[in-house]
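**Student:** no sequence on this one, just coordinates:
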């Protein structure tokens, strides 16, 4: 499977010099690119599955056991596994080095729109590791990591993932692909590189499955230039991501990076203190916390604040509307910090647009 050709003049690859492994950029990292607001950038992302130590640190051998030819294993995966090393306390994710947006300052908002998310390979992996996932201590049954290989085929002209129903059996279980980056973020205001797993006000490992092509993530700028990065590419994920990972596989992303000055951001979003997603139909505030109940509460508060800032809805009426008309979903429960997101239909407020 070959992704569409690079469609922009600005390109960031996934070679060892283009990425970090297990950590997010810090404010001391030099940007890989500096772009003007509104620029469109192509970024190759690399999955960590197949290169991790518990899988042998050799993607050619790992994927070869599943029938993947050497020509279908990304050279970048081989190079990262060979040349980069993670510390014992680092996360698993391969993350792009930061992209600076010219003129971005703390208080502004950077909007990252996914214009395209194209698979780079025709396969992926779902992994479950002990101590992680929604059922730690129960699954996997043994101590060893369980890494489930899935291939990608066409059914009725549409790409689908395939899994067997029994170990070693034919791949007869199919499911639709919805490619998206699990990690989209801005650089935290710290000299230390943050761990790649927990999401936060900077975004990061949000694992919000609706961030497919056409969706936007609005993020509060925390350092001059914003320092946008992406990683953790997924072919498909159910809300919750309960086994620990989604169908993890490398993507070529085409992104537009827009800058919203503080005054305009306040009018559109209110005081944005964390990630806010947007699709054609929905505004999607988020809530993050180690405790899932508190993550949902934070999401409700963020949703009320958004309705008040965007459309001037009274607090008690916003609360009532959310209860009557908005789904609150679990983004993921496996990234140390749990995530919830709300699906607010923009069309419900068409009469209040200003």
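**Tutor:** Okay, I see it. Note that this is a predicted model, so its numbers are computed, not measured.

**Student:** any idea whether residue 79 is helix, strand or coil?
**Tutor:** With DSSP: H, G, I helix; E, B strand; the rest coil as the basis, residue 79 sits in helix.

**Student:** ah, wrong one, I meant residue 47
**Tutor:** Secondary structure of residue 47, per three-state DSSP, is coil.

**Student:** Ok, residue 288 next?
**Tutor:** The three-state label for residue 288, taken from three-state DSSP, comes out as strand.

**Student:** Please name the residues that touch it.
**Tutor:** Neighbouring residues of residue 288 by CB atoms under 8 Å, 6 or more residues apart in numbering: 199-200, 274, 295, 298, 337-340. Using the backbone N, CA and C atoms, a C-beta is placed for each residue, glycine as well.

**Student:** I'd like to know which of these is nearest to residue 138.
**Tutor:** residue 338 (18.3 Å; CB to CB).

**Student:** bridging residues for the closest one?
**Tutor:** In this structure, residue 338 bridges to residue 289 when assessed by DSSP bridges.

**Student:** same deal with the one 5 residues further on?
**Tutor:** With DSSP bridges as the criterion, residue 343 is bridged to residue 327.

**Student:** Go ahead and confirm it touches residue 322.
**Tutor:** No. With contact defined as CB atoms under 8 Å, residue 343 and residue 322 do not form a contacting pair (10.2 Å).

**Student:** tell me, what's touching the two both at once?
**Tutor:** residue 328.

**Student:** Could you list which residues are in contact with residue 115?
**Tutor:** Residue 115 neighbours (CB under 8 Å, 6+ apart): 40, 213-214, 254-256.

**Student:** Quick check, residue 274 in contact with residue 302.
**Tutor:** Yes. Proximity of residue 274 to residue 302 meets the contact threshold set by CB under 8 Å, at 6.8 Å.

**Student:** neighbour-wise, which of the contacts of residue 288 leads?
**Tutor:** residue 339 (30 neighbours; other CB atoms under 10 Å).

**Student:** What are the phi and psi values at residue 345?
**Tutor:** phi -70, psi 120 (degrees, to the nearest 10).

**Student:** quick one: pLDDT of it?
**Tutor:** Per-residue pLDDT puts residue 345 at 98.

**Student:** Distance check, it against residue 303.
**Tutor:** 12 Å (CB to CB, to the nearest Å).

**Student:** Overlap of the contact sets of the two?
**Tutor:** residue 326.

**Student:** Please identify which of the two sits among more neighbours.
**Tutor:** residue 303 (26 against 13).

**Student:** I figured the more buried one was touching residue 341, is that so?
**Tutor:** No. Applying CB under 8 Å, one finds residue 303 not in contact with residue 341, separated by 9.4 Å.

**Student:** could you pull out the strands for the stretch 151-300 of the chain?
**Tutor:** For the stretch 151-300 of the chain, applying DSSP state E, counting those that start in this stretch gives strands covering 158-164, 171-176, 180-185, 203-205, 216-220, 229-236, 247-248, 251-260, 276-278, 282-289.

**Student:** out of those strands, which comes closest to residue 120?
**Tutor:** strand 251-260 (5.6 Å).

**Student:** Report the strands that pair with the closest one, each with its relative direction.
**Tutor:** strand 39-44 (antiparallel), strand 109-119 (antiparallel).
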